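Asks: Generate coordinates for the sequence data below:
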Amino acid sequence: MKKYLLMALALVVSASFNTADAAKKKKDKEPAAAIAPDSLVTAADSISYAVGMSIGMQMMQMGATDLKADKMTQGIQAMFGGGEKKFAEHDMQQMVMKYFTQKEQEKTEQLIAAGKAFLAANAKNDSVITTPSGLQYMVLKQGNGQVPQLTDKVKVHYEGRLIDGTVFDASAKHGTEPVAFQPNQVIKGWKEALTMMPVGSKWRLFIPQELGYGSRPAGQIPPYSTLIFDVELVGIDK
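Replies: Take a look at the predicted model:
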């Protein structure tokens, strides 16, 4: 709850420099002028503005773009200046919590829907195989070696992407040698695929969020993300 209030407060500070309503009234649609450098006189001025920019960016990423900056400014001025407060503190907290909870839910639903739509379209590709769990894979190269067991230590090269093409990890980022681990130590989608792949194979995996990280964020991976991995099974370390 305090996190949401802090974020809302910082956005108001940032928004007070250039409100959304004022921008809408400009018929010429010219870009807003940048704040003059000499208007940030003190260190407090600068850090206040920087915090406002940072949190404002987070708010936009959360989809909180329907907030009215002029009304938010009135609210913060009432709190700092001792003006009339339209809501009791408890009611205000409940309203803010409900708003951000709804925004998080909307973002979650959008991510899940996007993943499902991607997988549904992908399943129509004749080269894509879908397993009963919902894992999809495409054989890029079929090996003829041993198929790993859950407790074997496998050696793989890989690259991971989001469905928008963003590369979030790759074995090449960690050196030239393949990465070694046991299939029972990784996400469900990898575990299933690795225990079907013969050594020497290279597969492209399309992993539903429930076989990936689910609601957990992981580095650059947002919660509820459908994942794409190119995985080459180099060998089994006995």
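
Asks: CA only for contacts and neighbour counts going forward, please
Replies: OK.

Asks: quick one: buried residues of the helix or strand hosting Ile55?
Replies: Assigned by DSSP states H and E, Ile55 belongs to helix 43-61. The neighbour-count check on helix 43-61 (16 or more other C-alpha atoms under 10 Å) flags Tyr49, Val51, Gly52, Met53, Ile55, Gly56, Met59 as buried.

Asks: if I look at Pro198, how far off is Pro148?
Replies: As judged by C-alpha to C-alpha, to the nearest Å, Pro198 and Pro148 stand 7 Å apart.

Asks: now do Lys191
Replies: Counting by C-alpha to C-alpha, the gap from Lys191 to Pro148 is 10 Å.

Asks: Burial check on the residue lying closest to Thr195 once chain neighbours are set aside, number of neighbours?
Replies: Nearest non-adjacent residue to Thr195, counting by C-alpha to C-alpha, 6 or more residues apart in numbering: Pro148, 5.3 Å away. Pro148 has 22 neighbouring residues, counting by other C-alpha atoms under 10 Å.

Asks: Note down every partner strand of the host helix or strand of Asp230 and its orientation.
Replies: Assignment of secondary structure by DSSP H and E places Asp230 within strand 227-237. Paired neighbours of strand 227-237 in the sheet (DSSP bridges): strand 153-162 (antiparallel), strand 202-207 (antiparallel).

Asks: among these, which is nearest Ala123?
Replies: Ala123 lies closest to strand 202-207 among those, at 9.7 Å (C-alpha to C-alpha).

Asks: Give the rounded mean pLDDT of that closest one.
Replies: Strand 202-207 shows a mean pLDDT of 98.

Asks: For the remainder of this discussion, apply numbering that starts at 37.
Replies: That works, and once the first residue is 37, the last one we named lands at strand 238-243.

Asks: neighbouring contacts of it?
Replies: 155, 170-179, 225, 229, 262-269 (C-alpha atoms under 8 Å, 6 or more residues apart in numbering).

Asks: all helices for the chain, in order.
Replies: Ranges of helices within the chain are 38-51, 56-60, 79-97, 105-117, 125-158, 224-230, based on DSSP state H.

Asks: Mean pLDDT lowest where, among those?
Replies: Averaging pLDDT over each of those puts helix 56-60 lowest, since it has a mean of 38.

Asks: picking up where we left off before, check which helices and strands the helix holding Ile91 sits against.
Replies: Secondary-structure packing of helix 79-97 (3 or more C-alpha pairs under 8 Å, 6 or more residues apart in numbering; DSSP states H and E): helix 38-51.
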